[in-house]
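Q: 3D, please:
(2 chains)
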2 protein chains.
Amino acid sequence: MAESGEVLIVSAPGKIILHGEHSVVYGKTALAASIGLRTRVRLRSSSNGATRLHLASLDISREWPLKNLSHAIPNMHGRQNPAPPQPDLILVLRQLSESDKGDIENSALLVFLFLYTHICSASGLPALDVHIESELPPSAGLGSSAAYCTSLAAALLTATHNISHNLSNSRWQQKDLELINKWAFQAEILIHGNPSGIDNTVSTFGGALSYQSGHISELKSIPPLSVLLTNTNIPRSTSTLVSAVKGNVNKVGTAAAACFDGICFSCMPRKTCIFSDMTLHCQFPDIYKPLLDSMGAIAVEGKRVMDALADRMLPEVSVACNTLESKDDLFCIWETLIDVNQQLLMAIGVGHPCLEQICRVTRKHGLHSKLTGAGGGGCCFTVVPPESTEGGWWFFG
Amino acid sequence: MAESGEVLIVSAPGKIILHGEHSVVYGKTALAASIGLRTRVRLRSSSNGATRLHLASLDISREWPLKNLSHAIPNMHGRQNPAPPQPDLILVLRQLSESDKGDIENSALLVFLFLYTHICSASGLPALDVHIESELPPSAGLGSSAAYCTSLAAALLTATHNISHNLSNSRWQQKDLELINKWAFQAEILIHGNPSGIDNTVSTFGGALSYQSGHISELKSIPPLSVLLTNTNIPRSTSTLVSAVKGNVNKVGTAAAACFDGICFSCMPRKTCIFSDMTLHCQFPDIYKPLLDSMGAIAVEGKRVMDALADRMLPEVSVACNTLESKDDLFCIWETLIDVNQQLLMAIGVGHPCLEQICRVTRKHGLHSKLTGAGGGGCCFTVVPPESTEGGWWFFG
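A: As a prediction, this is how the structure comes out:
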């Protein structure tokens, strides 16, 4: 356990999906990159026989006397090989975490209790003061839940000496990062049911990565590009939107079998003639499936452009760049990919008038924008040309 | 020849493309329907030894003394089997039709001289007064050139007794319509280089039709649906836009070999990062080709919906309707097809901010809109729900 009086501070970044949201669910490639907005955990030992959690961004404070948590401690298992909590233990954790707040708050409390009881119980639960604050808006497609899970897992694993305490350059070694990532993924499962693992992996390792059919690979390098993030402030639920797409395509035989939070398509409203009308997607795979193919191809090309741009913009990078395209050419291709990807997301029905407005306004200034994440609201990112020197941008990478 | 003093009046309608613009060039299905905007030809014999043409909509009047036209008369060939004019004769016709006006005006004069000299020269050119006016705006994607060619061919064929003079219900018999259509197609070739033949066929036969790879088939019946047409007043050139798409896809091996008016892709401006940047479409068939597949599937489904809607809305229609879908269900599917089709046209780069604005404004009123024709400007049509009783709509069919 961390020494008494010692304060641990750990942070983890959010992410944007550059390309491949939705199509990734059907086995296509997706590209994600970390962004400079982070969630920070401040942790220290307490001496009052209780563990306190303060979630500043959600305006929640909770305290659990240690004696009340004894029945929530799992049977011992290896902290180096995290497994999902048992169903009966989930029930206990849910009862302990219940609040009169909303779903986001309840999920945050549940994840805290899960990680705390499972990581810290080797020799009896320690009393802790945990303060968490985040620059990431929830339900905006920026991976706020993954940054929460990752930073919390990292703080608890560090405090319990499951990973190294003394770091060089504030960065853990690869094996420590892998353990953090495993725990964060288990916590993400508690929130999202069947997450891809992209969000927690980006939050743990930073940088950018590509993902396809369960296989995650880090991009060797990413170019120093900037994006402007705009939040529509329209909340959306990834699992609801993904389920809607998934429910449809299962029926046409292209989707992997999976289930998100028990939400099934028949729960969606009918008669709206947009995305939530399952007619088009269920009955007409000839219309719908090619769009997912195209989105997958956009992500593959996007990865190539990122690699080639890194080579052009970072002379020290040793990416094998077999292209004759200039930096401007490559950036121009990326902008086109952004535009086509955005139109296709609109075509499959996950747009929103606010997202369209952002795209329209930025286009008037010669800039290219795309929703990121589930869509139907959430955030939009706008690509900033490399030569732009204006301040106030968030950098990813 | 028509009797002296007798006035012939002939009209032909314009059209909209319901689905399949651009993708039709790559062998996919397209659906077109005639609209209630027409071009009218008023023709009578003249006695002053000259043929006069007045194009009211273009504010052009021209007169050709018959003696000046003698060298423009083709060697005799069957008026029942129209063939393209010889290249040397085209040159003569171009010289005779030249004006200081724009391309549209020059094309209109050229087509008049072509049809006039080729249809009317069997026993020496007759002196004619020809007055043409149109409700169809030029360069708006509404088939104004086809309606011009069709109505003019019909008037000249009628005046020269190549087709029936005495009609029941103002409608020619099938064989007469076929001859009109052949001449109108030859005239369209003069204007567009390599037209699909959709426009002149719809203008000749009315109603709606589907087209794929040179094969045109009339829809058995079309439902009594209405559309609101909105003209962006942004002129566009079909052949330039189609060439741009075609030039690209030729290179990825999916396009038929064809050439439009000598315009090739390399004439297009570069560095604009939109449609006219050939990078995306040339180099990335994996992104682009699926979108054409999807657009083709939309047109196929649109045809099914039209047939089924006709069965639901016209009890006398004997279309085999194997669907259990209600009229509302079918209309709802059509609206969704309109939306997805519009997004895909935007994705391949043939949108325009004005078209987007029309879609946005009509959507606010619960209506669904799509560009029609080449895009990049031109017209947008908005589907009017069957129960709508407001006046001022244009009916197609």
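
Q: and the longest helix anywhere in chain A with helix B:285-313, angle?
A: Longest helix in chain A, counting residues (DSSP state H): helix A:285-313. Angle, helix A:285-313 to helix B:285-313, by axes from the mean of the first three to the mean of the last three CA atoms, to 10 degrees: 150 degrees.

Q: how about low-confidence regions in the stretch 51-200 of chain A?
A: Applying pLDDT under 70 to the stretch 51-200 of chain A picks out residues A:76-78, A:166-169.

Q: hey, where'd the helices end up in it?
A: Secondary structure of the stretch 51-200 of chain A (DSSP state H, counting those that start in this stretch): helices at A:87-97, A:103-119, A:144-159, A:174-192, A:198-205.

Q: out of those helices, which is closest to A:T29?
A: Among the helices of the stretch 51-200 of chain A, helix A:198-205 comes nearest to A:T29, with 11.1 Å by CB to CB. In short, each C-beta sits where N, CA and C put it, glycine included.

Q: residues of the stretch 201-350 of chain A that sit close to chain B?
A: Neighbours of chain B within the stretch 201-350 of chain A, by CB under 8 Å from any CB of the partner chain: A:271, A:273-274, A:277, A:279-280, A:284, A:286-288, A:290-291, A:293-294, A:297-298, A:300-301, A:329, A:332-333, A:335-337, A:339-340, A:343-344, A:346-347.

Q: can you say which of those residues are buried?
A: Neighbour counting with 16 or more other CB atoms under 10 Å in any protein chain shown marks A:273-274, A:277, A:279-280, A:284, A:287-288, A:290-291, A:293-294, A:297-298, A:300-301, A:329, A:332-333, A:335-337, A:339-340, A:343-344, A:346-347 as buried within those.

Q: list the contacts of A:G377.
A: A:G377 makes contact with A:T232, A:N233, A:I234, A:P235, A:R236, A:H352, A:C354, A:L355, according to CB atoms under 8 Å, 6 or more residues apart in numbering or on different chains.

Q: how about a markdown table for the helices of the stretch 51-200 of chain A, with mean neighbour count added?
A: Putting the helices of the stretch 51-200 of chain A into a markdown table (neighbours: other CB atoms under 10 Å in any protein chain shown) gives the following:
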| stretch | mean neighbour count |
| --- | --- |
| helix A:87-97 | 15 |
| helix A:103-119 | 22 |
| helix A:144-159 | 29 |
| helix A:174-192 | 21 |
| helix A:198-205 | 28 |
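
Q: using CSV, lay out the ones you listed together with distance to B:K182.
A: Shown next, in CSV, are the helices of the stretch 51-200 of chain A (distance: least, CB to CB, whole Å):
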stretch, distance to B:K182
helix A:87-97, 75
helix A:103-119, 67
helix A:144-159, 66
helix A:174-192, 63
helix A:198-205, 59
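
Q: ok, which of the ones you listed comes nearest A:K15?
A: That would be helix A:198-205 among the helices of the stretch 51-200 of chain A, by CB to CB, at 4.0 Å.

Q: can you show me the CA trace of the closest one as CSV?
A: The C-alpha trace of helix A:198-205 is given here as CSV (Å, rounded to 0.1, in the frame of the first residue of the first chain):
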residue,chain,number,x,y,z
ILE,A,198,-10.3,0.5,-28.3
ASP,A,199,-11.0,3.2,-25.8
ASN,A,200,-9.2,1.7,-22.8
THR,A,201,-6.2,0.7,-25.0
VAL,A,202,-5.9,4.2,-26.4
SER,A,203,-6.3,5.7,-22.9
THR,A,204,-3.6,3.3,-21.5
PHE,A,205,-1.0,3.5,-24.2
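
Q: ok, the helix or strand just after that helix: who's next to it in the sheet?
A: Remark: after helix A:198-205, the chain's next helix or strand is strand A:208-212, criterion DSSP states H and E. Its sheet considered, strand A:208-212 pairs with strand A:30-45 (antiparallel), strand A:215-218 (antiparallel) by DSSP bridges.

Q: circling back to that earlier point, pLDDT of the longest helix of chain A, averaged?
A: Per-residue pLDDT values across helix A:285-313 average out to 92.

Q: after that helix, heading C-terminal, what element do we hit next?
A: As assigned by DSSP H and E, the chain's next helix or strand after helix A:285-313 is helix A:327-347.

Q: tabulate the CA atom coordinates of that following helix in PDB.
A: C-alpha atoms of helix A:327-347 as PDB (Å, rounded to 0.1, in the frame of the first residue of the first chain):
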ATOM      1  CA  LYS A 327       2.700  16.500 -47.100                       C
ATOM      2  CA  ASP A 328       0.000  18.700 -48.700                       C
ATOM      3  CA  ASP A 329      -1.200  15.900 -51.000                       C
ATOM      4  CA  LEU A 330      -1.500  13.500 -48.000                       C
ATOM      5  CA  PHE A 331      -3.300  16.000 -45.900                       C
ATOM      6  CA  CYS A 332      -5.600  16.700 -48.800                       C
ATOM      7  CA  ILE A 333      -6.400  13.000 -49.000                       C
ATOM      8  CA  TRP A 334      -7.100  12.900 -45.300                       C
ATOM      9  CA  GLU A 335      -9.500  15.800 -45.600                       C
ATOM     10  CA  THR A 336     -11.300  14.000 -48.400                       C
ATOM     11  CA  LEU A 337     -11.500  10.800 -46.300                       C
ATOM     12  CA  ILE A 338     -13.000  12.900 -43.400                       C
ATOM     13  CA  ASP A 339     -15.700  14.300 -45.700                       C
ATOM     14  CA  VAL A 340     -16.700  11.000 -47.300                       C
ATOM     15  CA  ASN A 341     -16.700   9.200 -43.900                       C
ATOM     16  CA  GLN A 342     -18.900  11.900 -42.400                       C
ATOM     17  CA  GLN A 343     -21.400  11.600 -45.400                       C
ATOM     18  CA  LEU A 344     -21.500   7.800 -45.000                       C
ATOM     19  CA  LEU A 345     -22.200   8.100 -41.300                       C
ATOM     20  CA  MET A 346     -25.100  10.400 -42.200                       C
ATOM     21  CA  ALA A 347     -26.200   7.900 -44.800                       C
END
